[in-house]
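In: Predicted model and sequence follow; I will ask about them next.
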Amino acid sequence: MGSVTDSTTSAASSSLLLRGSLSSVKISSSSCSSTCSSPRRRSTPMGSEGKLDPKIVTSDAGYILEDVPHLTDYIPDLPTYLNPLQDNPAYSVVKQYFVNDDDTVAQKIVVHKNSPKGNHFRRAGPRQKVYFESDEVHACIVTCGGLCPGLNTVVREIVCGLSHMYGVTKILGIEGGYRGFYARNTISLTPKNVNDIHKRGGTILSTSRGGHDTSKIVDSIQDRGINQVYIIGGDGTQKGASVIFEEIQRRGLKVAVAGIPKTIDNDIAVIDKSFGFDTAVEEAQRAINAAHVEAESGENGIGVVKLMGRYSGFIAMYATLASRDVDCCLIPESPFYLDGKGGLLEFVEKRLKENGHMVIVVAEGAGQELIAESIRSMNNEDASGNKLLLDVGLWLSQRIKDHFRRTEKMTINLKYIDPTYMIRAIPSNASDNVYCTLLAHSAIHGAMAGYTGFTVGPVNGRHAYIPFHRVTETQNKVVITDRMWARLLSSTNQPSFLSQKDVDNAKKEEEPPTQLLEGDDKTPVQE
Ligand SMILES: Nc1ncnc2c1ncn2[C@@H]1O[C@H](COP(=O)(O)OP(=O)(O)O)[C@@H](O)[C@H]1O
Ligand SMILES: O=P(O)(O)OC[C@H]1O[C@](O)(COP(=O)(O)O)[C@@H](O)[C@@H]1O
Ligand SMILES: [Mg+2]
């Protein structure tokens, strides 16, 4: 690969931005307008203690670019090379294959006549110039946190993408999550040995919670001569990736750190949705169908299905909306109560009298305060510090049974189905597979182009590079004052269980939705 004469720095690429379409753009590392999230850390100026302020670019028209770090922010004068994709027979025919340096993706797409342009992220995709030569790249891939359909597909697509698009041959799989960097074996990954893995659930690299020791991890990266780190995991993992990036930057290493967001719960902020989510919603239909068949076939049959969703009830909400057999959906974001007027037990009685059967879908994180009131709460945490939940499905089933036994109002037949780990263990479906490919490719293009400290993902249908802190500072939750939850309430015709005061509080607390899943816009996801 021929070296390009100039050694473009990211400051220079920012100035490309200045010279481009945005004539009145100014770069500011600390000036954050009210629409821009305030940095939580990194108060030191660029260079000192190896830390950078968030890279914020603003313009007079209210345009804000929340940019991601670049290797040249802390290693000046890095040589650049022509992207080998321009000679690749598959890609070279694409009109405008390379992304313009100043392309950005708007976080908000519903705007009004006088709205400021708002927050943007750097558009993902291949760049004309790259900062790594093919034979110089030594990449590694790690999977952390809970399982999710599609993990193997992302691993496969990173390996095949690096190899087929950029001619990379040295790719290492780190086994067993973060602790695998210093306590487990590694495996060499090639397009041949990952060829079929997308057809399998789980992760061939295995995964873990806990065990994040930043300096041991970065020591291992440094000792092995790794210069591209692909980290696949959820909110906890992205926090871990962020501190790894900071330590790498502090040590001044030419190592790109790219996060690929993973969570079956869809609780990662900013991105439209996470991979594996569609697969989970689809697979949940089988459990809901079974619950419905059981409920319909017994006298006063009740089917209770528990679905995953620790803090966010997206799987339960979408599975309910898709199924149309569900009479009541309970999620962590919307509190409910059992007894008295307007309570769940009254609703169950009513539905059984009307239809003779009913199906309840409950997200695992729903009603945790109610359970804690009746069972002495243990307040346990897992190795990553996530709250260990009490089984809401079992508890709810028992409470419903007790109610009908006590009141002797009618004989019921209740069946409780917990398909949670069965759903999580399946391979991803076709659409998630394609989505995983785009995520992997976006991550690879970003790392090759010298970007680092970023998470990749679709924002309003376009893939973007998002600074770590933007996806870790909040969690994506179902907005119960949004139209989607209203659609659910209207489709199940269940009570909202909320008082006017609860609704007012929710309206005050919740930010307007920014994600496609919550809104009406269903733009197909593109790179
Ligand atoms: N705040 C944090 N700082 C550093 N590492 C973290 C942090 N939170 C979680 N991790 C690490 O990230 C990994 C996965 O986190 P976990 O919460 O279990 O799953 P997920 O990433 O799917 O949310 C674990 O190895 C954990 O030690
Ligand atoms: O894998 P564990 O430790 O049993 O945890 C189960 C949790 O993992 C999840 O499937 C996914 O959570 P993460 O995205 O944080 O890994 C949750 O839905 C569930 O509460
Ligand atoms: Mg998590």
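Out: Happy to help now that I have it. Numbering: from 1, shown residues only. Ligands and ions are numbered 1, 2, ... in the order given.
In: Give me the contact status of stretch 414-434 with ligand 1.
Out: No - against ligand 1, stretch 414-434 shows no contacts by C-beta under 6 Å from any ligand atom, the least distance being 11.4 Å. Backbone N, C-alpha and C define where each C-beta goes, glycine included.
In: Please report how far the residue of the chain most remote from its centre lies from M358.
Out: Residue farthest from the centre of the chain, counting by C-alpha atoms, centre = their mean, is E408 at 46.5 Å. According to C-beta to C-beta, to the nearest Å, E408 and M358 sit 19 Å apart.
In: What of A256?
Out: 52 Å.
In: and the closest residue to F98 other than its chain neighbours, what does it touch?
Out: In space, F98 comes closest to Q128 once its chain neighbours are excluded; the distance is 4.7 Å by C-beta to C-beta, 6 or more residues apart in numbering. Going by C-beta atoms under 8 Å, 6 or more residues apart in numbering, Q128 touches L82, N83, Q86, F98.
In: What pLDDT does the model give Q128?
Out: Looking at Q128, its pLDDT stands at 94.
In: Need phi/psi at it.
Out: phi -60, psi -40 (degrees, to the nearest 10).
In: Any figure for the gap between it and ligand 3?
Out: Distance check for Q128 against ligand 3: by C-beta to the ion, to the nearest Å, it reads 36 Å.
In: all strands of the stretch 251-400 of the chain, in order?
Out: Along the stretch 251-400 of the chain, counting by DSSP state E, counting those that start in this stretch, strands occupy 256-261, 301-307, 328-330, 357-363.
In: would you turn the ones you listed into a markdown table with distance to A90, mean neighbour count and mean pLDDT?
Out: A markdown table is the format used below for those (distance: least, C-beta to C-beta, whole Å; neighbours: other C-beta atoms under 10 Å; pLDDT from 0 to 100):
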| stretch | distance to A90 | mean neighbour count | mean pLDDT |
| --- | --- | --- | --- |
| strand 256-261 | 22 | 28 | 98 |
| strand 301-307 | 40 | 26 | 98 |
| strand 328-330 | 45 | 25 | 98 |
| strand 357-363 | 42 | 29 | 98 |
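In: Which one, of the ones you listed, ends up nearest to ligand 1?
Out: strand 256-261 (9.0 Å; C-beta to the nearest ligand atom).
In: what does that closest one rub up against?
Out: So strand 256-261 is contacted by 71, 131-132, 154, 158, 227-234, 237-238, 241, 244-245, 248, 268, 271, 274, 439-440, 443-444, 446-447, 450-457, 468, 471 (C-beta under 8 Å, 6+ apart).
In: of those residues, list those near ligand 2.
Out: Answer for the contacts of strand 256-261 near ligand 2 (C-beta under 6 Å from any ligand atom): G234.
In: Tell me which of the contacts of strand 256-261 fall in helices.
Out: Mapping the contacts of strand 256-261 onto helices (DSSP state H) picks out 154, 158, 237-238, 241, 244-245, 248, 439-440, 443-444, 446-447, 468, 471.
In: how near is the closest residue in space to A290 that isn't next to it in sequence to N429?
Out: Excluding the flanking residues, the one nearest A290 by C-beta to C-beta, 6+ apart is I417, at 6.1 Å. Note on I417: its distance to N429, by C-beta to C-beta, is 21 Å.
In: more crowded one of these two?
Out: I417 (21 against 18; other C-beta atoms under 10 Å).
In: and that one, what are its phi and psi?
Out: phi -120, psi 130.
In: That one contacts I302, correct?
Out: No - using C-beta atoms under 8 Å as the test, I417 is too far from I302 to be in contact (11.3 Å).
In: Now do the end-to-end distance for stretch 262-278.
Out: 13 Å (C-alpha to C-alpha, to the nearest Å).
In: Now tabulate the strands of the stretch 251-400 of the chain in TSV and tack on distance to T279.
Out: Output for the strands of the stretch 251-400 of the chain, formatted as TSV (distance: least, C-beta to C-beta, whole Å):
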stretch	distance to T279
strand 256-261	15
strand 301-307	13
strand 328-330	19
strand 357-363	17
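In: Ligand 3 is nearest to which of the ones you listed?
Out: Closest approach to ligand 3 among the strands of the stretch 251-400 of the chain is made by strand 256-261 (10.2 Å; C-beta to the ion).
In: So what are the sheet partners of that closest one and their directions?
Out: strand 228-233 (parallel), strand 454-459 (parallel) (DSSP bridges).
In: Point out the residues in the chain that sit beside ligand 2.
Out: Near ligand 2, when you scan the chain using C-beta under 6 Å from any ligand atom, you find 145-146, 209, 234, 236, 263-265, 308-310, 364, 382, 424.
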